[in-house]
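Visitor: My questions concern the predicted model and sequence given below.
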Amino acid sequence: MREVDPRIERRHVRPVREDHEHAALLADQLAMLPEHYREVLVLRHLENLSFDEIGVHMERTPGATRMLWLRAIDELRKLLKARGMA
């Protein structure tokens, strides 16, 4: 078995605790978003639904759904940036 240079390995692997801290911070910031922003983000990124599918679920056109998603991403990015995460 070939040995891996430890400098390379450390650069690509985050400690589990750090991942949990980031996940907790992300969850906190998601909770601060309006419900329709949270919903579109969850459906898109956790449920892997298309904009067409999300639009049917949220009773919006695919274009309106995509715009809502973009606004939700922008708002989440602002919240994370304020916490030094983005």
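Guide: Nice, I can see it.
Visitor: for the protein, longest helix please?
Guide: helix 62-82 (DSSP state H).
Visitor: Surely R44 is in contact with L70?
Guide: No: in this structure R44 lies outside contact range of L70 using Cβ atoms under 8 Å: 10.6 Å. Glycine gets a C-beta too; all of them are placed from N, C-alpha and C.
Visitor: who has more neighbours, these two?
Guide: When R44 is set against L70 and neighbours are counted by other Cβ atoms under 10 Å, the residue ahead is R44, at 20 against 11.
Visitor: Leaving out the residues flanking it, which one is nearest to that one?
Guide: W69 (5.7 Å; Cβ to Cβ, 6 or more residues apart in numbering).
Visitor: circling back to that earlier point, pull the CA coordinates from the longest helix of the chain and hand them back as PDB.
Guide: Provided in PDB are the C-alpha atoms of helix 62-82 (Å, rounded to 0.1, in the frame of the first residue of the first chain):
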ATOM      1  CA  PRO A  62     -41.000  26.800 -12.900                       C
ATOM      2  CA  GLY A  63     -39.600  30.300 -13.600                       C
ATOM      3  CA  ALA A  64     -41.100  31.700 -10.400                       C
ATOM      4  CA  THR A  65     -39.800  28.800  -8.500                       C
ATOM      5  CA  ARG A  66     -36.200  29.300  -9.800                       C
ATOM      6  CA  MET A  67     -36.400  33.000  -8.900                       C
ATOM      7  CA  LEU A  68     -37.600  32.100  -5.400                       C
ATOM      8  CA  TRP A  69     -34.700  29.600  -5.100                       C
ATOM      9  CA  LEU A  70     -32.200  32.300  -6.200                       C
ATOM     10  CA  ARG A  71     -33.500  34.800  -3.700                       C
ATOM     11  CA  ALA A  72     -33.400  32.100  -1.000                       C
ATOM     12  CA  ILE A  73     -29.800  31.300  -1.800                       C
ATOM     13  CA  ASP A  74     -28.900  35.000  -1.800                       C
ATOM     14  CA  GLU A  75     -30.500  35.500   1.600                       C
ATOM     15  CA  LEU A  76     -28.900  32.400   3.100                       C
ATOM     16  CA  ARG A  77     -25.500  33.600   1.700                       C
ATOM     17  CA  LYS A  78     -26.000  37.000   3.400                       C
ATOM     18  CA  LEU A  79     -26.800  35.300   6.700                       C
ATOM     19  CA  LEU A  80     -23.800  33.000   6.500                       C
ATOM     20  CA  LYS A  81     -21.500  35.800   5.500                       C
ATOM     21  CA  ALA A  82     -22.600  37.800   8.600                       C
END
